[in-house]
Structure formats: C-alpha cells, structure tokens
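*Asks:* predicted model, plus sequence, below.
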2 protein chains.
Amino acid sequence: MQRAGPQDFRRVLSSMCTEPHPAAREAAERFLATNPGDPATYETVADLEGEAVDVLGEVVGLPDAHGYVTSGGTEANIQAVRAARNLADTASPNVVAPESAHFSFPKAAEMLDVDLRLVPTDDDRRADPAAMRDAADADTALIVAVAGTTEYGRVDPVPALSTVADDVGALLHVDAAWGGFVLPFTDHEWHFGHAAVDTMTVDPHKMGRAVVPAGGLLARDQATLDALAVDTPYLESPSQASLTGTRSGAGVASAAAVLEAMWPDGYREQYERLQSLAEWFAAELEERGFDVVDPVLPLVAVDLPEDLFSSLRADGWRLSRTGAGELRVVCMPHVDRDVLSTFLDAVDRMTR
Amino acid sequence: MQRAGPQDFRRVLSSMCTEPHPAAREAAERFLATNPGDPATYETVADLEGEAVDVLGEVVGLPDAHGYVTSGGTEANIQAVRAARNLADTASPNVVAPESAHFSFPKAAEMLDVDLRLVPTDDDRRADPAAMRDAADADTALIVAVAGTTEYGRVDPVPALSTVADDVGALLHVDAAWGGFVLPFTDHEWHFGHAAVDTMTVDPHKMGRAVVPAGGLLARDQATLDALAVDTPYLESPSQASLTGTRSGAGVASAAAVLEAMWPDGYREQYERLQSLAEWFAAELEERGFDVVDPVLPLVAVDLPEDLFSSLRADGWRLSRTGAGELRVVCMPHVDRDVLSTFLDAVDRMTR
C-alpha cells in the first residue's frame, strides 16, 4: 500500500485544505517525532508553539494572546464551547449561533450537553444580531460569530454580536478558522481589536498554509484556558488545556515556520491573488447565465443544474455543495486561473 | 525559529512517544497534505485508513473491525465514553474505571458530563473486579479496563471485567493505547478475542512506531461508531464519527505503512528486545538497593530518593513519575542498553 500516491490537489475545488507552504513542510518533516502535549519533555517544540501563538495574536488583533495550536478548527470550536459552559453560572447552558455556523458546533453541543440554538441568517447569509438577541437569555453561555462562513465566505457583524453577548452576560466566540488569514487585508471588523471577543478559532492549516494538524484557539484571558485544564500526572508537565493529549509537533513547528515566512506580506499577496481570482471566476459563471453568490471572500457559490454537477464529478472534479445545494468553490492557494479555466471549459463542453 | 533543532530522544526515558519507523516517516512526508476527514475527496488516504483499521483488527483479535485512526489515545478514550453515554438508557450515566486509568478519562467525564467512579486497584496495581462490581450499578454505561497502564504497565483482568460489564448491562472498553503492540506476544488475555470487549484504544503512534498523530479507536459493532456520527454538510462525505473534523493524512498513511512493514514479526522482535531490556534494567536497579516494581511489560517503576531524581533531571534526563512518586522508565523503541547503562552510570556517580 505504500505505493499508492498522495492526493493530487489539481481538481480539488471545495476543500479548505491545501498544499502546505515549503517552509511548513520542511519544519513538519523535522519535528515529526515530538510532542507539544508534554512541553516539559519536548521543550523546543513547546517554544515554537509559544512563538506561533504570539504571531497568531498579531493576525487577530490580540497582543499578549493566550492559546494553543489545536488539532483543527473542530477542536478549537469544541473547546470554546466547553470553556464557556464551564465558566457559565447556570445548570442548563445554551449557545446561540447563526445557522451558518460550522457543523462542529452541533458536534460540540452534543458532546458537551449544551442546548444549541441555531438562528436564521439575514438576506446576505450573515448572522442577524436582533434575531440572535431574541434567541439568547440568561442561560446563554456563548454567542458565536463566524468570520468567513464555510458555505458562502460571509463575515458576521462581530461588533453588533459583541453587544448581544454583553446584553446577556455571555462570552463571544469568533470562528475565523478559514477566514482568519484573509480578513486582516480587508475592511471587515471581525477580531479582538474590533470588539469584545473572548475566544477565536483561526487555523494555520487552512489559508495559513501550515500542514495538518495545526488549528488555533486563541483567548483574551488566561482564565478561559484555565477552565479547560486537567491535571496530568506522570507527564513532566503538570496540567494541559488541550482536548487531545499527545499532540503533533509537526503541526506546531510547521505553523511557527510558515507564520514567520508569510506574515504579513506573504498572506497579503495570497489574499489579493485569490480574491481577484474569485471575482474573475464569479463573473465568468455569471456570463454563462448561472446564479452566483457574490464572493465577499475568496469563495464562490453557484447554482448549477443537478446533471451538470454530476457530470463534473464524474469528470474527476472534487466538488461539494452548500446546504441549499449550490456548488461551492473555495479559492485555496492551490487553485489558480489555469485550473479554473479548465473547469470552465468542462462546464462549457457539458452545457453545449 | 526554523533553526531550532527537533527533540533528541536519547535522554527521553519517561515518554510514550518515540522515533517513528522509517516507513512511517516516509509515508507521513508524502501524505502531509491530505485529509482523511473528507474521504470522498481524499480517496487514497481514506483507502489507507481502511487498510490500517483492518491490520489493527488483527493486532487486537477483531476480524471485521470497525474504527478509525484518531488523533491519539485521548480522543479514542473520549469517544469510547461518548459512545457508551449516547447508547446508555439512563439520564445520569456513570463510568467505572480503575484508579490506574489514564487522565483522559477524567477529561472525558468532565467534557461529557458523566460521573466517573475511580476504583482502587489490587495489591499488584491491577483493576479489582469485585470492587469494580461494587461501584457499578444500573446507570453504569461503561466499564474501563487498561491493558498496559501508563504508570506501571499493568494488565487488568479483562475477562473478569467483561463479566462485570455483562452483569450491569454496560459496555466494556479496553485502553491498550500503549500496550496494544506488545501484548500480542504475551500470554495475557486482553483483547476482543479473549472477552466480550466492545471498544478498544490502540495507538500506532506509541509502540506501533507511526508518526503522531495516529491513535486508534476500534469497535466490535458499527452501531458504536454510529452513536458518534454527526452530519457533515458541505463535505463530499455525508457524515463523520471522528471527534476532530480535518484529520492528519500523514498520521493515517504512516500507520498503514508501519503496520504493513512490522506486523507481526517486527513488533514481536521489538517486544522481545524491550522486555528483556526492562528486566535487565530492573535487576540492575535492584542490585543497587532500590525498590523496583516488577516490569510485567517494558516499563520499569523505581523508587528513587528525591535529591537523586532532581540531580538526574538537572543532568538532562527527561524523567517523570508515577502518582506515588516513583520514577517511571518506559522502554520505548528508542531506548537501548547503551542509553540505560549511561543512565546507571549517572546514578552510580550521584550516589557514590
């Protein structure tokens, strides 16, 4: 089985994974055998994690950031819900989130036994602060905002949701797992510096070009992480706040390396290329008569006929859809004009 | 920061991480950029995961194994507790485990809001079936056995604990995270073929010599995994049973590769070398007048004076202790006679 080849990303258009940056790959290969879950034993990689968290703090407007490199956005979202649950002064905590929230929130709610209240979004598929306020109450432990939704790349109104959280005495979590490395180069208000955000998910292994697994959980206060800590007898380190125990040194080292290599200029150039690519692609699809959802960030959703979608999949294109059935094309760093032109040629051939 | 070197394992004596096998490392490097969390998009690595689970089934006496490659033993233990909780017919489920159970069980209990009942072990530090039976009741969702404890390498009496589980209508989970790749070459009764075990943790990234992250959760019945599944809109794959979302293709590919390379003969030779090393080391320590806990598996616990322990740590040895304060030396594949002789020389020098 060692002879089977790895994934060719060329036709992968709907994934939020991508080719890692060369610096990320190199660091991952060197640190494959270390465990940042036991920092007192594996000191070098523990230092790298501290450096990665510091730079992530710069990305999301949070000097003196607290946090760690998670296994991915799902762990970070679960941990944000868990911390809020543990800190809430109620026996029946609930979480209020827009219906656009990632499926890790239903997963977290099921695991953690909290009530998840999913609230319909507005006409532009963004969280609706008034409706979120109506759904929240004194038992609300956490308000969730998404900065770059998985389906449509929408950015929720984080300052207004911060007011909602403040009204009901809840924490505010921003899920910027995918959006966190493009939003710094836009005018959106989404981060710790723009509003009273308590926790954030921001994944180096998506737009950040680290290797999997390298997600990120950041917190304004150490107390939030302390609410997650368990004792760790028989490690050299006395406690750990991560969901997993042993963790990937490769992911941590790769995140530290790529953040140093790309932040901020490399990420800015990447954003500008991908945003312009998404806008060009959206225009090309519109010219062909398809309904396209305006790409606020580098993610294009388009309504395609069922038979065309099936033919494209049969042709080898790796595609997935929104809940409403649209094709979603995520302009990740491995996607370029050449790939999308080939895709459009396939569309033209199949609709001729 | 890329210039910082990775961990040198030479003086790491208390970790359950180790140098990966060359085949594992090679596969990991090739599959760094794939996501087995989305198997319909990343088909090659999904196939490798199926192959890894099949071989893991052979390791643990379970033909037609169900399961997946987790981020590590903690995730696998959490998921076993979660499945049992979700399948239990009670509003206040509890889990009964020996006090020797890994700290991931308290973590799981806190997350999943189940009552964890930790039961004192017997004189040989193994689970005590009569005491476990006394602690269990009609609300017990899960009985936990450990096959190779983290502190002393003890193997709980799995068949007797299976009777306890049956008595109270609970599931039986065996945590063989560390022991799973040494126990097949012993006479212990610990696996799916020896008793009515429902789920098991067995980690390729510990004694299996895969790269981190590559843990394993195995289940006798598909229904156990179904109890963990959540819907996954906007992936090509419709649902997922893993705790994390995006997962490490490197871990999965490395597990598949090293299992093919080492199972069973390579692991047998490894076990024989390490067990004999542990017995030699235990005898050397006893000769020096220290109290040693008999190494049932390749793990030696020894009572050292506090000042000697501190001096050894100051000398660069990466050491940790049991809850009772003994030094625990885990004879992992990177540990050999040469390293332990150097360690004993240091002990002799410091106690002269």
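*Replies:* Yep, that arrived. Numbering: from 1, shown residues only, chains lettered A, B, ... in the order given.
*Asks:* in terms of contact, does residue A:204 touch residue A:213 like I think?
*Replies:* No: the criterion here is Cβ atoms under 8 Å, and residue A:204 misses it with residue A:213 at 9.7 Å. C-beta: built from backbone N, CA, C; applies to glycine.
*Asks:* joint contacts of the two?
*Replies:* residue A:251 (Cβ atoms under 8 Å, 6 or more residues apart in numbering or on different chains).
*Asks:* list the contacts for the nearest residue to residue A:148 once chain neighbours are set aside?
*Replies:* Computed as Cβ to Cβ, 6 or more residues apart in numbering or on different chains, the closest residue to residue A:148 that is not its neighbour in sequence is residue A:179, at 2.1 Å. Neighbouring residues of residue A:179 by Cβ under 8 Å, 6+ apart: A:146, A:147, A:148, A:153, A:155, A:190, A:207, A:297.
*Asks:* please redo it, this time with the cut-off set to 7 Å
*Replies:* By Cβ atoms under 7 Å, 6 or more residues apart in numbering or on different chains, the contact set of residue A:179 is A:147, A:148, A:155, A:297.
*Asks:* then residue A:39?
*Replies:* When contacts are counted by Cβ under 7 Å, 6+ apart, residue A:39 touches A:46, A:237.
*Asks:* please redo it, this time with the cut-off set to 8 Å
*Replies:* The neighbours of residue A:39, taking Cβ under 8 Å, 6+ apart as the test, are A:45, A:46, A:49, A:237.
*Asks:* how many residues are close by residue A:141?
*Replies:* As a burial measure, residue A:141 scores 27 neighbours (other Cβ atoms under 10 Å in any protein chain shown).
*Asks:* repeat that for the one 10 residues further on.
*Replies:* Here the number of neighbours of residue A:151 (other Cβ under 10 Å) works out to 22.
*Asks:* for residue A:167, same thing?
*Replies:* 12.
*Asks:* may I have the top helix by length along chain A exported as PDB, CA atoms only?
*Replies:* Of all the segments of type helix in chain A, defined by DSSP state H, the longest one is helix A:265-287. Extracted in PDB, the C-alpha atoms of helix A:265-287 (Å, rounded to 0.1, in the frame of the first residue of the first chain):
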ATOM      1  CA  ASP A 265       3.200  40.300   3.300                       C
ATOM      2  CA  GLY A 266       3.000  36.700   2.000                       C
ATOM      3  CA  TYR A 267      -0.500  36.400   3.300                       C
ATOM      4  CA  ARG A 268      -1.500  39.800   1.800                       C
ATOM      5  CA  GLU A 269      -0.200  38.800  -1.600                       C
ATOM      6  CA  GLN A 270      -2.000  35.500  -1.300                       C
ATOM      7  CA  TYR A 271      -5.300  37.200  -0.400                       C
ATOM      8  CA  GLU A 272      -5.100  39.700  -3.200                       C
ATOM      9  CA  ARG A 273      -4.400  36.900  -5.800                       C
ATOM     10  CA  LEU A 274      -7.200  34.700  -4.500                       C
ATOM     11  CA  GLN A 275      -9.800  37.400  -4.100                       C
ATOM     12  CA  SER A 276      -9.200  38.600  -7.600                       C
ATOM     13  CA  LEU A 277      -9.400  35.100  -8.800                       C
ATOM     14  CA  ALA A 278     -12.700  34.500  -7.100                       C
ATOM     15  CA  GLU A 279     -14.100  37.700  -8.600                       C
ATOM     16  CA  TRP A 280     -13.000  36.800 -12.100                       C
ATOM     17  CA  PHE A 281     -14.400  33.200 -11.700                       C
ATOM     18  CA  ALA A 282     -17.800  34.600 -10.400                       C
ATOM     19  CA  ALA A 283     -18.000  36.900 -13.400                       C
ATOM     20  CA  GLU A 284     -17.200  34.100 -15.800                       C
ATOM     21  CA  LEU A 285     -20.000  32.000 -14.200                       C
ATOM     22  CA  GLU A 286     -22.500  34.800 -14.400                       C
ATOM     23  CA  GLU A 287     -21.700  35.400 -18.000                       C
END
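*Asks:* ok, that helix near chain B or not?
*Replies:* No: using Cβ under 8 Å from any Cβ of the partner chain, we find that helix A:265-287 stays clear of chain B, coming within 14.6 Å at best.
*Asks:* in that helix, what's buried?
*Replies:* A:266-267, A:270-271, A:273-275, A:277-278, A:280-282, A:284-285 (16 or more other Cβ atoms under 10 Å in any protein chain shown).
*Asks:* same for that helix, what does it pack against?
*Replies:* Where contact means 3 or more Cβ pairs under 8 Å, 6 or more residues apart in numbering or on different chains; DSSP states H and E, helix A:265-287 is packed against strand A:291-293, strand A:299-303, helix A:337-351.
*Asks:* quick one: it to chain centroid distance?
*Replies:* The chain centre lies 19 Å from the centre of helix A:265-287; the measure is Cα atoms, centre = their mean, to the nearest Å.
*Asks:* between it and helix A:337-351, how many degrees?
*Replies:* For helix A:265-287 against helix A:337-351, the angle by axes from the mean of the first three to the mean of the last three Cα atoms, to 10 degrees is 20 degrees.
*Asks:* okay, the angle between helix A:265-287 and strand A:299-303?
*Replies:* Orientation check (the same axes, to 10 degrees): helix A:265-287 against strand A:299-303 gives 10 degrees.
*Asks:* what is the mean pLDDT for helix A:265-287?
*Replies:* The predicted model assigns helix A:265-287 a mean pLDDT of 98.
*Asks:* would you format the helices and strands packed on helix A:265-287 as JSON lines with mean pLDDT, distance to residue B:102 and mean neighbour count included?
*Replies:* Converted to JSON lines, the helices and strands packed on helix A:265-287 look like this (pLDDT from 0 to 100; distance: least, Cβ to Cβ, whole Å; neighbours: other Cβ atoms under 10 Å in any protein chain shown):
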{"stretch": "strand A:291-293", "mean pLDDT": "98", "distance to residue B:102": "47", "mean neighbour count": "17"}
{"stretch": "strand A:299-303", "mean pLDDT": "98", "distance to residue B:102": "41", "mean neighbour count": "23"}
{"stretch": "helix A:337-351", "mean pLDDT": "97", "distance to residue B:102": "46", "mean neighbour count": "15"}
